[in-house]
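Participant: Quick one: sequence plus predicted model below, questions after.
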Amino acid sequence: MYKKFITTALTCGLITTANAEDRAPSVWLNFNDAGAGDIIMQDVYVPSAGLATYTYYSILNWNAGAEGGGYAGIQDHPDGRNYIFSIWDPSASNEPIVAHFQGKDTDVENFGGEGTGLKSWNFGLGWESDQWYTLLAKAWDYNGHTYFGYWSHDQSNNKWTHLVTMDYPVANVRFNSSTGTFIEDWLGSGSDARSARYRNGHKRFTNGSWTGFSQANFRVVQESDTQDYNDNFDATANSSYYTMSSGGNTIPSVDTSAALYRNSTPSSSEKPTIAFAVDAASTTAVTWSVPDSSTPQFKYTIKINGSTFTADEAPEARCIMIAAEVSDTVEVTLEDILGKTSSDTFTVSSIGDGSECTPPVSNEVKLDNSTFVVSSTTEAESAHPLANAFDGDSETFWHTAWTPDPDPDYPHDVIIDLGADYAVSTVEYKRRADGGNGTVADYEIYVSNSASIGDSPVAWGTWRKTSSESIASFAPTQGRYVIFRALSEVNGNAWASASEINIYETLDEPVVDEPVVDDPVVDEPVVDDPVVDEPVVDDPVVDDPVVDEPVVDDPVVDEPVVDEPASSSGGGTSLPLLLGLMLIGFRRYCSLSK
């Protein structure tokens, strides 16, 4: 039962071996690059002798305990070798962090435990021992927020990959601290030695200057649960790289804290300038291509006959709509993620039809709420029936009963009969528009062909109080029934509420997505034929008699938000909740590495 939860628990060291003292001690390097920067990067190499399952090789760490703090690295996980990028929630905003871009095979979800935030991991790309990889993080301002992008470069195959870009809802956040690197045994397998090498570490400061990681302060974190291996660590530096090791039969050559030097580190990155070519230019569009072997694109600038037409920071844009004439000269200038630029020109020779730039596509579509049959294990307040969470109106809401006493306590289950079998991949939860009581914190999602709770949830986690929607995304799961189980409320009250609950499925064939993520210039989304005239809209969902609340049996309804004092959030002592409580107090890095 709860196989996925147990797997995740294993990856974080929540389930330990019989001996509580058998973890390898964590080892750290902190480099000499303190100061605000917008790029940090470093190469990593894990020798085959330094591989150990349940190890987090964190390569880039920044702003710990401060605004925009996060980690980026690789992991030897029991499910495969993956890439990780995680950022803690902001203190200066109540808005959530969201993924602006997700690369192929990158999964994104919220994390909890010691702090909350957004994490991404990618098992599909993978990494190998005895090979060098570059990991790079970049921060920039966009629409009043800070975007954090994460790239990897497989040096053996000379292939760059854009893994994820996160939209952080605070402006002008940069890599302000010194950059850190650590190796962590999160399970308790200290008998296995783990090690890694590091080179070509750099930061670009906000004034445009660069510095190399030429000096590092080494330290060992010796704790009671690392007692058996507290003296098995080491760190060295030579003209080629730094090395850290921990666990196994490692013999130290340095003290538990030491200064290491690599004066041969270049002050700036030596990656080549972006290489690309303009493929075509018509009167309505220009397209170009950037090979995977090139330093990745960050920004484009389009000029027509020498005058700037448009520009944007859009790493994935490859086609832009323009307004040109035959024989005009179109120049595309690309700035790569390291700030270097390259240009290419093309003479317009054809008349375009405006369809050259295909909008981004998605295989995920929202299901029609009007077809659902919904019910709940908890009685609803008569003026706020469950149907309100499926009526497409964000001003109405569902609210569990607060009269008469006692209030129904958690868990609160919402059972959604989709009417047919779908490959469900996302549940979207929207809190009340007025921000009142009942916002769900801890949740579980079940998808199956049964209206009963199954053995394993497909998703679970903790949402925080926010004015935006909360998302639970997971691998597409076939089923007719979706059960949304609310386990707790953000303020510890007994109630649950929702303005809308939406379900998304993943199709075999992609469909055109409405939002154009990286190419805001494409303003022709092929929606000229209005769908609003569909007569189906005339049949409102609210009249659906399946909702188990008596719709207006009790007319005595006062203001829903303040009628009752907050009550305790008792009940809900299900296995996943108990396991969730076990998260609190475990290792500091667990929430980001799992």
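Facilitator: Nice, thanks for sending it over.

Participant: Report the separation between Val440 and Ile416.
Facilitator: 15 Å (CB to CB, to the nearest Å). In short, each C-beta sits where N, CA and C put it, glycine included.

Participant: and if you look at His77?
Facilitator: Distance from His77 to Ile416, by CB to CB: 33 Å.

Participant: who has more neighbours, those two?
Facilitator: Ile416 (26 against 21; other CB atoms under 10 Å).

Participant: Skip the chain neighbours and tell me the closest residue to that one.
Facilitator: Val482 (4.4 Å; CB to CB, 6 or more residues apart in numbering).

Participant: Please parse the protein into its domains.
Facilitator: 3-93+105-129+174-261, 277-357, 366-526+534-580 (automatic domain parsing).

Participant: quick one, which of these is packed in tightest?
Facilitator: domain 3-93+105-129+174-261 (a mean of 20; mean count of other CB atoms under 10 Å).

Participant: just to revisit the earlier point, same list (the domains of the chain) but as TSV, adding mean pLDDT and distance to Gly144.
Facilitator: As requested, the domains of the chain are exported to TSV (pLDDT from 0 to 100; distance: least, CB to CB, whole Å):
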stretch	mean pLDDT	distance to Gly144
domain 3-93+105-129+174-261	90	10
domain 277-357	95	14
domain 366-526+534-580	74	15
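
Participant: And those: which comes nearest Glu270?
Facilitator: Ranking those by their distance to Glu270 (criterion: CB to CB) puts domain 3-93+105-129+174-261 first, at 7.7 Å.

Participant: out of the domains of the chain, which comes closest to Tyr142?
Facilitator: domain 277-357 (6.2 Å).

Participant: How far away from the center of its chain is the closest one?
Facilitator: Here domain 277-357 shows a centroid-to-chain-centroid distance of 29 Å under the convention CA atoms, centre = their mean, to the nearest Å.

Participant: circling back to that earlier point, kindly reformat the domains of the chain as a markdown table containing distance to Lys159.
Facilitator: Below are the domains of the chain laid out as a markdown table (distance: least, CB to CB, whole Å):
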| stretch | distance to Lys159 |
| --- | --- |
| domain 3-93+105-129+174-261 | 9 |
| domain 277-357 | 5 |
| domain 366-526+534-580 | 20 |
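
Participant: can you tell which of these is closest to Gly149?
Facilitator: domain 277-357 (6.6 Å).

Participant: Endpoint to endpoint, the closest one covers what distance?
Facilitator: Across domain 277-357, the terminal residues are separated by 17 Å (CA to CA, to the nearest Å).

Participant: got it, and stretch 124-134?
Facilitator: 17 Å.

Participant: Repeat that for stretch 205-213.
Facilitator: OK, stretch 205-213 end separation, CA to CA: 13 Å.

Participant: which residues touch Ala401?
Facilitator: 378-381, 407-408 (CB atoms under 8 Å, 6 or more residues apart in numbering).

Participant: repeat that with 6 Å
Facilitator: Neighbour list for Ala401: 379, 381, 408 [criterion: CB atoms under 6 Å, 6 or more residues apart in numbering].

Participant: just checking, the second one touches His399?
Facilitator: Yes: with contact defined as CB atoms under 6 Å, Glu381 and His399 form a contacting pair (4.7 Å).

Participant: Just confirm Gln227 is within a helix.
Facilitator: Yes: judged by DSSP: H, G, I helix; E, B strand; the rest coil, Gln227 forms part of a helix.

Participant: Just give the nearest non-adjacent residue to it, would you?
Facilitator: Nearest to Gln227 is Glu21, by CB to CB, 6+ apart, at 4.0 Å.

Participant: Same question for Ser93.
Facilitator: Nearest to Ser93 is Pro169, by CB to CB, 6+ apart, at 4.4 Å.

Participant: repeat for Glu500
Facilitator: That would be Lys430: by CB to CB, 6+ apart, it lies 4.2 Å from Glu500.

Participant: do Ala389 as well
Facilitator: Trp398 (4.0 Å).

Participant: what's the spacing between the one you found and Tyr429?
Facilitator: When Trp398 is compared with Tyr429 (using CB to CB), they lie 11 Å apart.

Participant: do the same with Gln42
Facilitator: Distance from Gln42 to Tyr429, by CB to CB: 38 Å.

Participant: cool, and Asn230?
Facilitator: 45 Å.

Participant: what does stretch 493-509 contact?
Facilitator: Contacts for stretch 493-509 (CB under 6 Å, 6+ apart): 363-364, 366-367, 389, 394, 397-400, 407, 409, 412, 422-426, 428-430, 432-433, 437-438, 440, 476, 482, 486, 566-567.

Participant: what residues are up against Thr396?
Facilitator: Asn388.

Participant: Run through the neighbouring helices and strands of the host helix or strand of Lys303.
Facilitator: Remark: Lys303 resides in strand 297-304, with elements defined by DSSP states H and E. Using 3 or more CB pairs under 6 Å, 6 or more residues apart in numbering; DSSP states H and E, the elements in contact with strand 297-304 are strand 307-313, strand 329-336.

Participant: what's the longest strand in this protein?
Facilitator: Counting residues, the longest strand found in the chain (DSSP state E) is strand 412-430.

Participant: Can you give the distance from it to the centre of its chain?
Facilitator: 22 Å.

Participant: what's next to the next helix or strand after it, contact-wise?
Facilitator: Downstream of strand 412-430, the first helix or strand assigned by DSSP H and E is strand 442-448. Applying CB under 6 Å, 6+ apart, the set of residues contacting strand 442-448 from outside is 424, 427, 453-454, 457-460, 462, 472, 477, 479, 481-483, 485-488, 576.

Participant: Stretch 266-275 too?
Facilitator: 202, 210, 212, 294-295, 334, 336, 338, 340, 342.

Participant: What of stretch 21-35?
Facilitator: So stretch 21-35 is contacted by 178-185, 188, 190, 203, 205, 211, 213, 215-222, 225-230, 233, 244, 246-247 (CB under 6 Å, 6+ apart).

Participant: So which of the residues you listed sit within strands?
Facilitator: Reading strands off the contacts of stretch 21-35 with DSSP E, I get 180-185, 203, 205, 211, 215-221, 233, 244, 246.

Participant: How about Ser239: what's its closest non-neighbour residue?
Facilitator: Here the residue nearest Ser239, using CB to CB, 6+ apart, is Ser264, at 4.7 Å.

Participant: Cys357 now?
Facilitator: Nearest to Cys357 is Cys319, by CB to CB, 6+ apart, at 3.9 Å.

Participant: again with Arg194
Facilitator: Ala52 (4.0 Å).

Participant: separation between that neighbour and Pro291?
Facilitator: In terms of CB to CB, Ala52 sits 35 Å off from Pro291.

Participant: Over to Ala420?
Facilitator: 43 Å.

Participant: can you check Ala72 too?
Facilitator: 24 Å.

Participant: do the same with Asp105
Facilitator: In terms of CB to CB, Asp105 sits 20 Å off from Pro291.

Participant: residue contacts, the residue nearest to Ile416?
Facilitator: 416, 424, 447, 503.

Participant: Quick check: beta-bridge partners of the last one?
Facilitator: Here Ile503 shows beta-bridge partners Val427, assigned using DSSP bridges.

Participant: what does the helix or strand hosting Trp121 contact?
Facilitator: Assigned by DSSP H and E, Trp121 belongs to strand 117-122. Here strand 117-122 makes contact (CB under 6 Å, 6+ apart) with 82-89, 97, 105-108, 110-111, 163-164, 166, 592.

Participant: cutoff 7 Å now
Facilitator: Residues from elsewhere that reach strand 117-122 (CB atoms under 7 Å, 6 or more residues apart in numbering): 82-89, 97, 99, 103, 105-111, 163-164, 166, 592.

Participant: And it, how far out from the chain middle?
Facilitator: 4 Å.

Participant: Can you tell me the strand partners of the next helix or strand after it and which way each runs?
Facilitator: For strand 117-122, the following helix or strand on the C-terminal side (DSSP H and E) is strand 132-142. In the sheet, strand 132-142 lines up against strand 37-45 (antiparallel), strand 145-154 (antiparallel) (DSSP bridges).
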